[in-house]
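In: one predicted model, sequence on top.
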Amino acid sequence: MSSHGAPRPMSSCKCGPLKGVANVPGDKSISHRSLILGALSVGRTHVTGLLEGTDVLDTAKAMQAFGAEVNRLGDGEWEVFGVGVGGFGEPDNVIDYGNSGTGVRLVMGAAATTPITVTYTGDASLRSRPMARITDPIALFGARSYGRQGGRLPMTVIGTGDPVPVHYVSPVPSAQVKSAVLLAGLNAPGQTVVIEKEATRDHTERMLAGFGAEISTEITDEGRVITLTGQPELTAQTITVPRDPSSAAFPVAAALLAEGSEVLVPNIGQNPTRNGLYTTLIEMGADITFENERLEGGEPIADLRVKYGPLKGVTVPPERAASMIDEFPILSAIAATAEGVTKMLGVKELRVKESDRIDAMARGLEANGVTVEETEDTFTVHGMGQGNVPGGGTCKTHLDHRIAMSFMCLGMATQKPVKIDDAGPIETSFPIFVPLMEELGAKFTKDDG
């Protein structure tokens, strides 16, 4: 069932060449952080290119609930009048974060070092996801958390009015955990230190520096050591959100899957902590060129030109997992059409995303005639070659937008249509996915059940 209504089944069938320009939405990670840091700054933050999916809109509502003034000025254009570091007020009601693990975890951190009590909840998918990875480190600052068994939402967090800085070694490669600790550290005196053994996306560090925080990163034998000096006065900014590389993965994949395709995907963020998928696709033989490479707002940007061509299976090393953790579902779909075996290593974090993404992709691929193997930390797809995947299966999306879009892309290259049980979750991150893909030439059919 969709997080925002009745299930909306949909089918995807083999199509002709995809042609045109795919203008994907703004980066979800940067959109969340723009609103949160805008709310924690002093003055007016002006944001253009904001992703207006439900996940990000839930963050906008949350910032309003904490006392910031948040206004939509036009398509993707927003303004935030912040309350300053430590200025969050206590919300009148429960904060409902829908499907957004990123949003709720970042905000839990941001509010943890202010003396307010906040209760968080979400949809069935979000309520099943572990929150101890956030509540454990914010407890070090002095916050207290009370939730369901297993550290799950609904969760009430009592923020501390007397926070202490922390030195935290992240036990998992998670940008959400790192960011939550850094955001909590903003209102703690002294220096908060986060050490991550594997590099994760660094948007929070870049944006904190842009808003005026004193923050540094050092590479040591322990890993990446990030040091933040607390209680700064953040200064409002003008932010242009680049387009989302995770969303771009879907039209890129579609062009690689549909014979004869050539698609341009412009203005895509190429942050090195996010580009593992594109490195992997090029290793598989994908015809992708990076045009007009440039820097915007401290983030590297490029236009991606993608052409159909033969692909081969590869082994994805574990150290690359953090830089493409959201892209393994679509890589699995691509791997099904490649020649040979694709083995993905170090992917256990997929077990605790919006769904157990390894299980969801495995069952869906099997339903469409593809052989797979899985362990707790690996996923292997036996590629069948282009044009050889039977299709004809129905895939359960488990309220997971990336599972839904991955199987819709797979259906463009299978012998029989691929059906998903619910297209509703796609709206959380890529609300224009269906019309954008259809404009390129995809053939999608809504199904009444």
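Out: Nice, I can see it. Given the structure is predicted, the values throughout are model-derived calculations rather than measurements.

In: Thr189 touches Pro165, doesn't it?
Out: Not Thr; residue 189 is Pro. Yes: if you go by C-beta atoms under 8 Å, Pro189 and Pro165 touch, sitting 6.5 Å apart. Where C-beta positions appear, they are placed from N, C-alpha and C, glycine not excepted.

In: comparing those two, which residue is more hemmed in?
Out: Per other C-beta atoms under 10 Å, whichever of Pro189 and Pro165 has more neighbours is Pro165, with 21 against 14.

In: how about the contacts made by the residue nearest to Glu319 when sequence neighbours are not counted?
Out: Distances taken as C-beta to C-beta, 6 or more residues apart in numbering place Glu198 nearest to Glu319, at 6.6 Å, with adjacent residues excluded. With contacts defined as C-beta atoms under 8 Å, 6 or more residues apart in numbering, the neighbours of Glu198 are 173, 223, 319, 321-322.

In: rerun at 7 Å
Out: 173, 319, 322 (C-beta atoms under 7 Å, 6 or more residues apart in numbering).

In: state the distance from the second one to Phe328.
Out: As for Glu319, its distance to Phe328 is 14 Å (criterion: C-beta to C-beta, to the nearest Å).

In: more crowded one of those two?
Out: Shown here are Glu319 and Phe328; by other C-beta under 10 Å, Phe328 has more neighbours (25 against 13).

In: next one: phi and psi at that one?
Out: Taking degrees, to the nearest 10, you get phi -60, psi -40 for the backbone angles of Phe328.

In: what is the neighbour count of Gly387?
Out: By other C-beta under 10 Å, the residues close to Gly387 number 11.

In: how about the secondary structure of it?
Out: Recorded secondary structure, Gly387: coil (DSSP: H, G, I helix; E, B strand; the rest coil).

In: where's it relative to Gly441, distance?
Out: Taking C-beta to C-beta, one finds Gly387 at 17 Å from Gly441.

In: where exactly do the strands run in the stretch 101-250 of the chain?
Out: 117-121, 144-148, 152-158, 167-169, 191-196, 215-220, 223-229, 238-240 (DSSP state E, counting those that start in this stretch).

In: pLDDT score for the nearest residue to Phe250 once chain neighbours are set aside?
Out: In space, and not counting its chain neighbours, Phe250 is closest to Met405: 5.0 Å by C-beta to C-beta, 6+ apart. On pLDDT, Met405 comes in at 97.

In: quick one on the thing from earlier: identify the contacts common to Pro189 and Pro165.
Out: Gly230.

In: on that earlier part again, now the contacts of Glu198 as TSV including distance to Ala362 and pLDDT?
Out: Listed next are those as TSV, based on distance: C-beta to C-beta, whole Å; pLDDT from 0 to 100:
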residue	distance to Ala362	pLDDT
Pro173	22	87
Glu319	23	92
Ala322	21	87
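
In: using TSV, lay out the residues you listed together with distance to Ala132.
Out: Below are these laid out as TSV (distance: C-beta to C-beta, whole Å):
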residue	distance to Ala132
Pro173	16
Glu319	25
Ala322	20
